[in-house]
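In: how would this look folded up:
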Amino acid sequence: MVNHENYWILRGVNSFGQCESKEIPEAKEFFIEHFEREIQRDRIEHRLFGWYRDEQTEAQVNAGYCLRCFVSNCIYQFCLSTEQKYRETYGLSSNDLFPILLDLIPQNPVARLRVGDSLISEIINTFDLNQHSSLSTWTSIKVKGNREYKIVLKFYGIVEVTNWLILVQTTLGKLERKLRQQGYSEFEIQEYANLLEAFHQVYRTEILARRREINKQRQQEGKGKSHKPYPAPTDEQLRQIATILNISRLLEPQEVFNKLTNIAEILRNNTIPENNPNLEDSSSNTNGEFKTVIYNQVKDCLLSVTHQVIEAKINYFLNRRTPRIQKANNLILGLNLFYCQGYSMGEIATQLELSGESQVSRLLKLKELREDVSRNVIPVLKERLKAQINDYLTDPAKLAILDTKIQEFIELEIQEVMQEAEAEIFDSKNKARNSLFAFTVCQWVKQRGQ
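Out: Below is the predicted model of the structure:
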């Protein structure tokens, strides 16, 4: 049964981030005139989108009002169901979700048909009547793929991912810590670590490169990023993983699949705490501001630490008893050519008059560079965030809990940055370096005046 009111009642947030409802008179009058006795939602959607996407019709604006109201109600119900799903175990409230998913309640008629970066606008403008079953289903898909929504869930330790995404996002160090905490033997830990490393070499490298290529194409077509789930590895990928393991007996693809699934389930089960206290502050608005503080720090802190790490490597060459000025200059130029100008290792070798790609790899040491930045940025970022937590929370118990949650949050964010940087190195089809890590290196190059 279609709830007609959903097409003229707009859900949104006020300037304090609190959820409100507002009736849109134009939408109500328009909807009742055309759909008062209509009970088929698909018929309503087809007619509304027909008007909305036809600039020649006078009904375009009112159809847009109706669609915005409907999507806002879908998002509102999604937030309520998400709270019901996670509040008892994780302390998540729909008040954490409303400010990031809903639009501000408009104060005048001109502002009602909001465009731009609004999630609601994106949902309406990307809905395809021929491909998507319903606007409500498409809304759910887009909300689940929304970056801000994922960040809030991540902050509360909630995992809504496939086994394969869990494995893509898990570092060897994190896996080893989790396994030791659960009493696995050192032999078992090493076996699982080797399997995860092989999985990263084959699956993660391929999938991240492929998704980056897809999103680049979608960007050129004026579309948003794809948020399709990570698929299961193919038999060919499983065979490659088995070969990399180099053990006495070559594992069959199904055996590799089962072992990888087992690792993912271990990690998944261990991410759900038995008792997760409600971490909400008494003011939902303050809680929302606190989250914003956290997320806005990541890029800035990564930038400064990357600069410090690279400068330390340059100074290492310059401050030796016998300074190696040429090597320092080559490192600076090499990073510039690779990250900022998109040169290949072979092309850099020619530019620097080195014997080959292996010499360039030994000079740049990109894996070591990423690891050094990751290791140094985590404690710096954590301390910066902790210094600001006191402005929002004063309860010592909550501060202690948040200390652990922030550590996990930071590790995951930095890990994703480095995975993207690693994947673009092995993507032979695309020389462009568009990762956040590449951006930070190029900013250092610009500051140095290279």
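In: would you confirm that Asn442 contacts Gln341?
Out: Residue 442: Cys, not Asn. No. Taking CB atoms under 8 Å as the definition, Cys442 is not a contact partner of Gln341, at 9.2 Å. Every C-beta, even on glycine, is put in place using the N, C-alpha and C of the backbone.
In: shaky segments in this structure?
Out: 1, 107-117, 131-133, 159-161, 223-229, 268-296, 387-406, 408, 426-432, 449-450 (pLDDT under 70).
In: where do the strands of it begin and end?
Out: Along the chain, the stretches classed as strands by DSSP state E are 9-13, 19-23.
In: show the backbone phi and psi for Gly157.
Out: phi 80, psi 20 (degrees, to the nearest 10).
In: ok, it to Arg433 distance?
Out: According to CB to CB, to the nearest Å, Gly157 stands 32 Å off from Arg433.
In: and Arg180, by the same measure?
Out: The value you get for Arg180 to Arg433, if CB to CB is used, is 36 Å.
In: one more: Ser140?
Out: 35 Å.
In: what do you get for Lys144?
Out: For Lys144, the distance to Arg433 - CB to CB - is 29 Å.
In: how about Leu245?
Out: Distance, Leu245 to Arg433, by CB to CB: 31 Å.
In: again, but for Gln419
Out: If you go by CB to CB, the gap between Gln419 and Arg433 works out to 14 Å.
In: what's the neighbour count on Phe317?
Out: Neighbourhood size, Phe317 [other CB atoms under 10 Å]: 16.
In: gap between the spatially most central residue of the chain and Leu102?
Out: Central residue of the chain (CA atoms, centre = their mean): Arg147, 5.2 Å from the mean position. Distance of Arg147 to Leu102, computed by CB to CB: 16 Å.
In: which residue, other than its chain neighbours, is closest to Asp42?
Out: Ser134 (6.9 Å; CB to CB, 6 or more residues apart in numbering).
In: the helices in the stretch 51-200 of the chain, which residues?
Out: 60-90, 94-101, 119-126, 135-144, 147-155, 163-168, 172-181, 186-199 (DSSP state H, counting those that start in this stretch).
In: tell me what the shortest one is packed against?
Out: What it means is helix 163-168. helix 205-220, helix 253-270 (3 or more CB pairs under 8 Å, 6 or more residues apart in numbering; DSSP states H and E).
In: for it, which positions count as buried?
Out: Asn163, Trp164, Ile166, Leu167, Val168 (16 or more other CB atoms under 10 Å).
In: equivalent analysis for the fourth one, please.
Out: Of the residues in helix 135-144, those buried by neighbour count under the rule 16+ other CB under 10 Å are Leu135, Ser136, Trp138, Thr139, Ser140, Lys142, Val143.
In: and the residue nearest to Asn6 when sequence neighbours are not counted, what is it in contact with?
Out: When the adjacent residues along the chain are set aside, Asn6 lies closest to Asn73, with 4.2 Å between them (CB to CB, 6+ apart). Shown in contact with Asn73 (CB atoms under 8 Å, 6 or more residues apart in numbering): Asn3, Asn6, Ile9, Arg11.
In: got a markdown table for those residues, with neighbour count and distance to Glu83 too?
Out: Compiled in a markdown table, the contacts of Asn73 are given as follows (neighbours: other CB atoms under 10 Å; distance: CB to CB, whole Å):
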| residue | neighbour count | distance to Glu83 |
| --- | --- | --- |
| Asn3 | 10 | 20 |
| Asn6 | 21 | 19 |
| Ile9 | 19 | 20 |
| Arg11 | 25 | 15 |
